[in-house]
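Undergrad: Just to be clear, the model below is a prediction. Sequence and coordinates:
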Amino acid sequence: MAGISTMMEDLDDPAKTCVYIPPGKQSATAPSDDYELRMQAYRTAWSKCLNRVQSILRALQGPSVDKVTAKVINAYNDVLPGLPYPELPVIALHGTNASLVENISHAFHRRETASLDEPGDLDDAQVLQTHLHPAECSSVANMMKGIITGFVESGSKRRPMTALANFDINLLRAWHSSQAPKAQLVIFLHEFEKFDSSVVQDMFYICSMHIPHLPLVFVILMASPPVPSYLHSAYPRSTLALLRVQPIVVSSGPTMVKDVLTKTFFDLEFEPDVMLGPSALEFITEFSTRHITSPDVVTTLLQIAYMKHFTQPLSIFTIGESLGEPSQRKNELKLGSDPGLRALVEGLQLRLFATTPPSSQPRAGSSTPVSPKKANGAVHGDQWRADTAGDLMDCVSRARVAFRKNARRMRAAFAIAGIAERVALGAPQTHTGRSTEDANVRFDSPGMLSVIMRGRAGSHIRYVCMAVRKLPSYKLRELLHELHAFLRDLQSADIKRDEENARVWIVTTINRLPPQTDDPGLPEDGMPAVQGPAVKELAAVVGDWLQAYITERLVRLDEQVLWDIWYTGNTPFPSELVNPAPRPTIISALLHPHDFARAHADMARVSAGGEPTAETDVGDPREPALWELPDTSIAFRRYVEAGRMVNVYDWFESFAVVLEDQRRKLRRRARLLAEGRTDDGKGKARYGGRRGRSRSADVDMDVDPDMADDGAGEESDEEELDELDEEEEEKWKIEVQARFMRALHELDYMGFVKHTGRKPDHVIRTIYDVPD
């Protein structure tokens, strides 16, 4: 029950960008221990990954944060002399995101805290800040009130004054003059493109009349590119003349995505608990390239990929072999005896059985033993046989060590291949036109990551090593020294121990180089580099060693034992969570409203502490009849059956026929219940009756056969009882008209109809491909 209440709180929390909802039809009020343990492992793994991503983003955004801080502090110091009037400092940030704004605000907050702790320190300028959003600034008075109260109410309490209103800038000026020491007043305008330009113009004019006595600095946050500038295109020259605009372009784009992915999953200094597979890497790269390149988007996509991975039962062992018990012995007993973990045990045994070869017995008529089994290109021995829970735990532990060792070797090969490519091929711009399909992309490009994870980088590795074999002596010396410096400066003791043989080989090869005085020097422009016989032989040796070293280590991680515990593999990315389809969902809800209403009722019942209904799992075996649907769904069904242009009068007539049938069915059902009889769901009693002619046959638009059959089953004597007097008939007609107007307005609000000026009694359909 605690898990469901937490999930509902997360759904109501606007600060959460992602909320995990467990799949399947498990009991919502009693989550299993397996689910709780997987969620605990997810939180640990994602927290580790998130901290790494945030540290990378802070390092990438550090120069932009420093620029903004320096420009704010020196806004009234570096002023061009001889100006006829002071200009209002405005810092235009292009390509901003929430993480960057948070870092800038945090930097200003540190200065604000330092000014309160050490008020006498004038070497460090003090900064106060406030934030404004478009919804708060609908008028000039509201915008000025937000600016003034943002500073005045955040500082020391002021005595109530009746002379100055809270939207009068003189109040802010009087408050600032009473502060010691004086501080810069920074105003952040979020989503600047959404502000009313006329309101912002008046605000800039008012503020410009009180500088430099009131040291205001505006930081406008824009998602638009610097060229063409939104500020210069939306505001007149008279307003721009009051401003001193200083644009800053935030580092983003494919470079940011590449740095986040490579430094999180392909860096030797960091070992993630879950490695992303090629499908997830391709989706993140493609989504960032096609739609929006933002650090917040990349972080959200990574979190969704982690959530998807922890939906599988085996992910419970991602962090360790603990099942919530204090000792290893109790964990083994729980794994072997808990019925809720039976599926987990069977999954482990199935995967281990697939990697365990048959017993090494000689073939019939031969003394040669059976070779070990080869699964997915990797040879596994019979050490993965597990008959008890303790054996399963031991296999998981050994598989984790082996997987992480191979992942570290792959990262080392990736780094060394990047160094060799950079030295041998030069700057990345040299071969930007090469295609990913031919595996001729750079190792430092985002598209190459998925190629490496699929084990298809062989042709590019051979191309780089061929370029290494043609290096002159000075470039070969540079390559070997860079490789040696990389291996020497590794921080992890385990990685250093694994790569010790490679480092020793490189040192030996460096000693075989000819003296540096014998180098022919840099070739002239356009002239090929000269390669002596000794250097040519040594370069060939280095190229062969690099090719063997990189090829041996760039293995596919899905060839390891129990790889799907720590690796997402080729699992498709859940793109429906990022790019939802509201149009098909709305159409499905209008066609099948009872399913949506039942699901919403069950969710509300569970959140209130009740149990879900039995229909949630079993479902209603009977499709509701047309007359049982809500009015909007009835009108939409008739809308679907019409042509391109819908005659509103015919639409109303067909809608009225259904409501008339609905009225008769409901009155008949009420009479049957009063008489103690039951209804079969179609408005008929259990005994048969004489069939009559349905009134729906006289309508121009098509009528459902089910409705026609329903109307044919009524008895003539009961039809006489359904007749209304004149007053009731008039009320009924008014009710039908009101219900049709309400349904039509709802469909119009959802965008399903388009009005035409030529025929006021017709509307145009906006959708045609409606599923059955």
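TA: Now that the structure is in, tell me what you want to look at.

Undergrad: what sits against residue 492?
TA: 268-269, 408 (Cβ atoms under 8 Å, 6 or more residues apart in numbering). Quick note: C-beta positions are derived from backbone N, CA and C, even for glycine.

Undergrad: now residue 543
TA: Taking Cβ under 8 Å, 6+ apart as the test, what residue 543 contacts is 465-466, 468-469.

Undergrad: picking up where we left off before, reformat the contacts of residue 492 as a markdown table; add secondary structure and pLDDT.
TA: As requested, the contacts of residue 492 are exported to a markdown table (DSSP: H, G, I helix; E, B strand; the rest coil; pLDDT from 0 to 100):
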| residue | secondary structure | pLDDT |
| --- | --- | --- |
| 268 | coil | 90 |
| 269 | coil | 90 |
| 408 | helix | 93 |
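
Undergrad: If any of those are buried, put those into a ChimeraX selection.
TA: Buried residues within these, by 16 or more other Cβ atoms under 10 Å, are selected in ChimeraX with:
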select :268,408
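
Undergrad: closest to residue 448 among the contacts of residue 492?
TA: Nearest to residue 448 among these, counting by Cβ to Cβ, is residue 268 at 17.4 Å.

Undergrad: Let's verify the residue nearest to that closest one when sequence neighbours are not counted: helix, strand, or coil?
TA: Nearest non-adjacent residue to residue 268, counting by Cβ to Cβ, 6 or more residues apart in numbering: residue 411, 5.0 Å away. Under DSSP: H, G, I helix; E, B strand; the rest coil, residue 411 falls in the helix class.

Undergrad: so what pLDDT did residue 411 get?
TA: With respect to pLDDT, residue 411 scores 93.

Undergrad: Give the rounded mean pLDDT of the helix ranked longest in the chain.
TA: Criterion DSSP state H: the longest helix present in the chain is helix 33-73. Across helix 33-73, the average pLDDT comes to 90.

Undergrad: What's the first helix or strand after that helix?
TA: Going down the chain from helix 33-73, the next helix or strand is strand 88-94, by DSSP states H and E.

Undergrad: Packing partners of that next one?
TA: Secondary-structure packing of strand 88-94 (3 or more Cβ pairs under 8 Å, 6 or more residues apart in numbering; DSSP states H and E): helix 33-73, helix 197-208, strand 216-222, strand 243-249.

Undergrad: Give me the sheet partners of the last one and which way each runs.
TA: It stands for strand 243-249. Here strand 243-249 is paired, per DSSP bridges, with strand 88-94 (parallel).

Undergrad: Show me what the partner strand is in contact with.
TA: For strand 88-94, using Cβ under 8 Å, 6+ apart, the contacting residues are 64, 68, 71-72, 75-76, 100, 204, 207-208, 211, 216-226, 229, 231, 242-250.

Undergrad: Weed out the non-buried ones from those.
TA: 64, 68, 71-72, 75-76, 100, 204, 207-208, 211, 216-224, 229, 231, 242-246, 248, 250.

Undergrad: so where's the stretch 351-500 of the chain uncertain?
TA: 356-386, 427-440 (pLDDT under 70).

Undergrad: and the contacts of residue 492 as CSV, adding distance to residue 282?
TA: As requested, the contacts of residue 492 are arranged in CSV below (distance: Cβ to Cβ, whole Å):
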residue, distance to residue 282
268, 23
269, 25
408, 23
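
Undergrad: of the contacts of residue 492, closest to residue 57?
TA: Once Cβ to Cβ is applied, the member of these that ends up nearest residue 57 is residue 269, at 16.4 Å.

Undergrad: sorry, back to before: looking at the helices and strands packed on strand 88-94, which is closest to residue 532?
TA: helix 33-73 (42.6 Å).

Undergrad: Since that was my last question, I'll sign off now.
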